[in-house]
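A.B. asks: Based on what follows, work out the 3D shape:
(chains A and B)
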There are 2 protein chains.
Amino acid sequence: MADVVNSNLLDLDGDVAQLTRQLCDIESVSGNETAVADAVEHALRGIGASGGTELEILRDGDTIVARTRLGKPERVVIAGHLDTVPLADNLPTWLDGDGDEQLIYGRGTADMKAGVAMQLSVAAALRNPQRDISWVFYDHEEVNAELNGLRRVTENHPDWLAGDFAVLGEPTKAGIEGGCNGTLRAEVTTRGRRAHSARAWMGVNAIHAAGHILSRLEAYQPQAKNVDGLDFQESLSAVAISGGVAGNVIPDECVVTVNYRFAPSMSASEAAEHLGTLFEGFELRVTDSAEGARPGLDRPAAAEFVAAIGGIPEAKVGWTDVARFSALGVPAVNFGPGDPLLAHKDDEHVPVAQIYQARDALLNWLEG
Amino acid sequence: MADVVNSNLLDLDGDVAQLTRQLCDIESVSGNETAVADAVEHALRGIGASGGTELEILRDGDTIVARTRLGKPERVVIAGHLDTVPLADNLPTWLDGDGDEQLIYGRGTADMKAGVAMQLSVAAALRNPQRDISWVFYDHEEVNAELNGLRRVTENHPDWLAGDFAVLGEPTKAGIEGGCNGTLRAEVTTRGRRAHSARAWMGVNAIHAAGHILSRLEAYQPQAKNVDGLDFQESLSAVAISGGVAGNVIPDECVVTVNYRFAPSMSASEAAEHLGTLFEGFELRVTDSAEGARPGLDRPAAAEFVAAIGGIPEAKVGWTDVARFSALGVPAVNFGPGDPLLAHKDDEHVPVAQIYQARDALLNWLEG
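C.D. replies: Numbers count the residues shown, from 1 in each chain, chains lettered A, B, ... in the order given. Predicted coordinates for the structure are as follows:
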């Protein structure tokens, strides 16, 4: 591999690790995805001419859908986002180590240009796919959900995302992480009565009362729940607290913001009810929530995927866009090279061997 | 009494309730004391000519000191501030009720133009004082201590405030409130470790840990301490709390701001030590403090004052400028018409009968 890669002409038939570096080196912080989306579209359009399986190319903004039209009884969706979080002086990419230990460092390597490279490399290599496939490359995953390309396409062209099973190329160290936890944020509020702090006994201190909320949080024993055969670890955390009027005033209000990550066996409204019981006696207001996603490993396509990839599937704890597919009735799993704990880190990197492993496993499954 | 009073020519020899209204109706929110200070200075300069005891008049900004030079072995300082908190649509003053029940409503009536009227009326009426007297009228009491006129004079002309005993005309319902509690603010901080809230177990939640600070505050039993024969009720309160990084991050810091009001038998550094012991295991940083003031009722002048005024002296819980006299080695008490709980309230008012009572008691004491 050359040390620095600059061309926007992507070579899908070459080395998938090299392709990862090419994709990373086209900087695409959320909102700036057009150059990389153009390069991806151009490369996808060339697949048929190079002897690959012909693809129908669709585009909405910087989201591209490339799908086979083979009339197979089953269709799978394989999706990845093109954007990254802001740079941390970590582009262009660089290599570290040799051989099986080689790592590619740089923004987007783990989250998730290696996954995009895996998608493109497999799309070009497929000769005899056993299922119809919709490849999805989308924009604005790393920012406010309102901007999310997958959300936009769900609204504008829901048929583009139709399928029996979906794979999201988010980093999982090339293992299968099924479904995802839901997430809910709520404000738990205590009320008191103001008074001058020189005569504290004439007031009721709302911050002191919040100690009971915090002790319930500290005593809370989060559960791990088995859903469709996977264990989902829940959690409940204070993520903010605020109270206080002035340095000489007994405060009459204190607000604790909690974040509940709940297993996909529970709906968001059931999660809200659970918090209502836990914080009985306090005001509780849900400020935002997102449903979780069941792993759906009981679907035939999913079971065959698990068999083809090997290893033991695990539950995804963080919320990812698999929940968008779940909401469309499409069970989805995460599967891609890279360590999810390195996502957004300044020293983000991906092992080259993991890119090869994920790419080959995906190709084997689709060629069946 | 006329219903509305407007003249800046103060009549010190007339009705002290009428004088209270005149003083209130010269609006003097902190920073705007010049007009009322001018009126007070003019009136004080006229006392000798009207047959009263001649006064030496000194001025620094809008603070006026008027003192007798009789060569008596004892000198008392009688002080009051000229400024008020901002208006709440409560000027000019108005009357409510009749006879012994009559009330004067309006900004400054209780805090503390009735006290200032008491001072001026007694200064003009004195014919044969038993002690030398320094009358002090000062600016900027209701705002940042840096601006306080008494603080400024302490620095520029400490001799102006010299004396054996001081009376501050702050509202006490015409009773004697001796000394004052000290006050100290400190930040008590917990530390944790950030993590994504989807993987809460990889972090340490600093807000959850702050529950232990709040439960210590709630369990704390504040004491009442007897100092020089008066009971000072202490208190310890959270006045602010803050923590939180983002809605999906386990917070690594939480800061609880506490306000400790401590009896004047304790110094500010002893108060800080006490909090250090109480919050052992947490970071503690003192952000500001002010010493309390012992009531000093063992001084001969103070004992005679108590005997002359009558009633049972009580401890002042709030911090007042008596502490500035205490720091100069001058024991000080609060004594003035008006209810301290009405200070700064929109419906601030003072009973006319209480103004007469306080004025007569003060005159009797000074004439001996």
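A.B. asks: contacting residues around residue A:305?
C.D. replies: A:165, A:167, A:176, A:333, A:335, A:365 (C-beta atoms under 8 Å, 6 or more residues apart in numbering or on different chains). The way it works is simple: take the backbone N, C-alpha and C, and place the C-beta from them, glycine included.
A.B. asks: which one among the residues you listed gets closest to residue B:119?
C.D. replies: Nearest to residue B:119, judged by C-beta to C-beta, of the contacts of residue A:305 is residue A:333 at 82.9 Å.
A.B. asks: Now the buried members of the contacts of residue A:305.
C.D. replies: Buried subset of the contacts of residue A:305 (neighbour count, 16 or more other C-beta atoms under 10 Å in any protein chain shown): A:165, A:167, A:176, A:333, A:335, A:365.
A.B. asks: among those, which are in strands?
C.D. replies: Counting by DSSP state E, the buried ones among the contacts of residue A:305 place A:165, A:167, A:333 in strands.
A.B. asks: what about the nearest residue to the first one once chain neighbours are set aside, helix or strand, and which?
C.D. replies: Take residue A:165 and drop its neighbours on the chain: the residue closest to it by C-beta to C-beta, 6 or more residues apart in numbering or on different chains is residue A:301, 3.8 Å away. The secondary structure element spanning residue A:301 is helix A:300-309 (assigned by DSSP states H and E).
A.B. asks: quick one: strands adjacent to the helix or strand that that helix is followed by?
C.D. replies: Counting by DSSP H and E, the next helix or strand C-terminal to helix A:300-309 is strand A:314-315. Applying DSSP bridges to the sheet, strand A:314-315 is found paired with strand A:177-178 (parallel).
A.B. asks: is it true that residue A:344 touches residue A:111?
C.D. replies: Yes: at 6.7 Å, residue A:344 counts as touching residue A:111 under the criterion of C-beta atoms under 8 Å.
A.B. asks: on that earlier part again, out of the contacts of residue A:305, flag the one nearest to chain B.
C.D. replies: Lowest distance from chain B to the contacts of residue A:305 (C-beta to the nearest C-beta) belongs to residue A:333, with 16.7 Å.
A.B. asks: Adding pLDDT, write the contacts of residue A:305 out as JSON lines.
C.D. replies: Below are the contacts of residue A:305 laid out as JSON lines (pLDDT from 0 to 100):
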{"residue": "A:165", "pLDDT": "91"}
{"residue": "A:167", "pLDDT": "95"}
{"residue": "A:176", "pLDDT": "94"}
{"residue": "A:333", "pLDDT": "92"}
{"residue": "A:335", "pLDDT": "96"}
{"residue": "A:365", "pLDDT": "93"}
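A.B. asks: then stretch A:43-55 to PDB, C-alphas only?
C.D. replies: Provided in PDB are the C-alpha atoms of stretch A:43-55 (Å, rounded to 0.1, in the frame of the first residue of the first chain):
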ATOM      1  CA  ALA A  43     -17.700   3.700  -8.800                       C
ATOM      2  CA  LEU A  44     -21.100   1.900  -8.300                       C
ATOM      3  CA  ARG A  45     -22.100   2.900 -11.900                       C
ATOM      4  CA  GLY A  46     -19.000   1.200 -13.200                       C
ATOM      5  CA  ILE A  47     -19.700  -2.200 -11.600                       C
ATOM      6  CA  GLY A  48     -21.800  -3.700 -14.400                       C
ATOM      7  CA  ALA A  49     -19.200  -2.700 -17.100                       C
ATOM      8  CA  SER A  50     -16.500  -4.500 -15.000                       C
ATOM      9  CA  GLY A  51     -18.300  -7.800 -15.100                       C
ATOM     10  CA  GLY A  52     -20.100  -7.400 -11.700                       C
ATOM     11  CA  THR A  53     -23.800  -7.700 -11.000                       C
ATOM     12  CA  GLU A  54     -25.700  -4.700 -12.600                       C
ATOM     13  CA  LEU A  55     -27.100  -2.200 -10.100                       C
END
